[in-house]
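1. Compute the structure for the input listed below.
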Amino acid sequence: MPWYKKNVLDKIEKAFDGGYDPVLALADFEKETSSKRPIENDQSMKHLRRKEQDCVDNIIKGNTRGHYYFLIGPKGGGKSTLILEAMRAIQAEGVSVLDAHPDLEVFRLRLGKALNYEFHEDSQTLLFQRRDPREAGPALDVERALNKLEKVALRKAKKTGRPLVLVFNNVQHFNNDENGRNMLLLLQQKAEAWAASGIVTTVFSSDDFWPCLLMHKAANRMHVLTIGDLSFETARHALGHMRLARNKPHADQSTIDQTVTLVGGRLSYLSHMAQMEDMLRGARDLVDWEREWLLSQIGLIPDCDDDVMDEQKWSTCSWLLLREFVRLHKERQRERQAAGLPWDPTELPSIPYGRCRQIMTRTDFIEELDRTNIISIGVKLDVRPDSMLILQAAREVVEEEGFDDLLQNVRDRIDEIESLHRTREITFKDLNTGDKIRLQVEKGPPRSQ
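-> Now for the predicted structure:
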């Protein structure tokens, strides 16, 4: 049995050795198998290094101690890319990455794969145990795995003098219920203890804001890094180099500018545009698709029935906020142009969280909009459209003729339905012709407090 316990720790230690890493191997598979990309084009991609890369490099290399980190930003903004680039530079030595999942049993298996830990399922002694070790649920197995990792980290720190790095990617996939919040709390407690001792640096990344807000309550050593979109100038530069790296025909600067103006500085969209033969047409198709998707989620229904009243409440409140975003973006453009100042067309308007509550009149809808990637909430509680595509799609809808009347019509219809629900009807039976009904309402004196 002592040999088996030592072997378990040795296997976990091997998971942090440099060289092969399953996540990095998947990310690099296309590059390793493709022989069509010239070397000089790969060199040109070095110019796309982001300003946040140095900070992430220091974290992944284990150069920072005493803290754990939370990377927040919209989907497709480049959080995972920053982490993978930092891992690639050190061949993933001392680093392990896994993705979160709503099903905690799946998350348990992913943690075991990342740590090379079998949860004692490879031991024959399991046959003689009277109780299933997973009887208490996946949280107990996760606790056991992290305890084993702690022993390995202590042993590894004495050899290398630097902490291990464990990355939990996309923690927004945990369910925002009791089980999901308890799992986040478990991971955060370990991250706090490891940061205090300097043996493990834990990194969390999320597209949504709710995990950051939840962890902020118990955070003492957590640092939050915001990963946003590229600026207009940087996005123009990046798109040109991406097309060069993919051997696509040269595009004139006007086409690049118009494309970036439509799709913004989101890396995932820029990468998609770089592969298009006709970038401008591809960008317009993306805006059209985003508009139709937006309408499928929060489209307004005039003269709606009471069965969809709750859905239309969400839709009207959402459009009140999106209409304000469009107004602020147009107003900002006019002000900058009137003052003769440079204008960044990809700069997304932002509204403080408290002001959004007043505009929408329903505070419970904000988190749902963030979850569906219609809005994005920053670490400073500033709310903005999730992407430039969302803003462009919303602008097309808002600027349609009769939109304000349609929005007001739906809001009035909701008020009518709610008024009907508050109305009570009294029916009198067995009345003959000529019968009279006298209804009397007596109000008593006000009750003394």
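
2. so where's the stretch 51-200 of the chain uncertain?
-> Counting by pLDDT under 70, the ranges of the stretch 51-200 of the chain that qualify are 120-136.

3. ok, which stretches of it are strands?
-> For the stretch 51-200 of the chain, the strands defined by DSSP state E, counting those that start in this stretch cover 68-72, 95-99, 164-169, 200-206.

4. Could you dump the ones you listed into a markdown table with distance to residue 382 and mean neighbour count added?
-> In this view, the C-beta of every residue, glycine as well, is placed from N, C-alpha and C. Below are the strands of the stretch 51-200 of the chain laid out as a markdown table (distance: least, Cβ to Cβ, whole Å; neighbours: other Cβ atoms under 10 Å):
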| stretch | distance to residue 382 | mean neighbour count |
| --- | --- | --- |
| strand 68-72 | 12 | 25 |
| strand 95-99 | 27 | 22 |
| strand 164-169 | 24 | 24 |
| strand 200-206 | 16 | 25 |
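
5. who touches stretch 78-96?
-> If you take Cβ atoms under 8 Å, 6 or more residues apart in numbering as the criterion, stretch 78-96 is touched by 15-21, 23-24, 27-28, 50, 52-53, 56-57, 59-62, 71, 73, 97, 114-115, 156, 160, 162-167, 169, 203, 205, 227, 267.

6. JSON lines for the strands of the stretch 51-200 of the chain, including distance to residue 212?
-> Output for the strands of the stretch 51-200 of the chain, formatted as JSON lines (distance: least, Cβ to Cβ, whole Å):
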{"stretch": "strand 68-72", "distance to residue 212": "5"}
{"stretch": "strand 95-99", "distance to residue 212": "17"}
{"stretch": "strand 164-169", "distance to residue 212": "13"}
{"stretch": "strand 200-206", "distance to residue 212": "6"}
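
7. before we move on, the earlier item: keep only those of the contacts of stretch 78-96 that are in helices.
-> Among the contacts of stretch 78-96, the members found in helices (DSSP state H) are 23-24, 27-28, 53, 56-57, 59-60, 114-115, 156, 160, 267.

8. can you give me the helices for the stretch 51-200 of the chain?
-> In the stretch 51-200 of the chain, the helices defined using DSSP state H, counting those that start in this stretch lie at 53-60, 79-89, 104-115, 138-160, 178-197.

9. deepest of those, which one?
-> Of these, the one with the most neighbours on average (mean count of other Cβ atoms under 10 Å) is helix 79-89, at a mean of 21.

10. Could you tell me the angle between that one and strand 95-99?
-> Helix 79-89 and strand 95-99 are oriented at 150 degrees to each other (axes from the mean of the first three to the mean of the last three Cα atoms, to 10 degrees).

11. Off-centre distance for helix 79-89?
-> Between the centre of helix 79-89 and the centre of its chain there are 18 Å (Cα atoms, centre = their mean, to the nearest Å).

12. swap in stretch 176-196?
-> For stretch 176-196 - counting by Cα atoms, centre = their mean - the centre lies 18 Å from the chain centre.

13. What of stretch 371-386?
-> Computed by Cα atoms, centre = their mean, the chain-centroid distance of stretch 371-386 equals 9 Å.

14. again with stretch 171-182
-> With Cα atoms, centre = their mean as the basis, stretch 171-182 stands 14 Å off its chain's centre.

15. swap in stretch 209-223?
-> Relative to its parent chain, stretch 209-223 has a centroid offset of 15 Å by Cα atoms, centre = their mean.

16. Same check on stretch 259-272?
-> Chain-centre distance of stretch 259-272: 18 Å, with Cα atoms, centre = their mean.

17. Relative to residue 287, which of the helices of the stretch 51-200 of the chain is closest?
-> For residue 287, the closest of the helices of the stretch 51-200 of the chain is helix 79-89, at 23.9 Å, according to Cβ to Cβ.

18. what's the distance between the residue most central in space within the chain and residue 266?
-> Central residue of the chain (Cα atoms, centre = their mean): residue 207, 1.2 Å from the mean position. Distance, residue 207 to residue 266, by Cβ to Cβ, to the nearest Å: 12 Å.

19. Much appreciated, bye for now.
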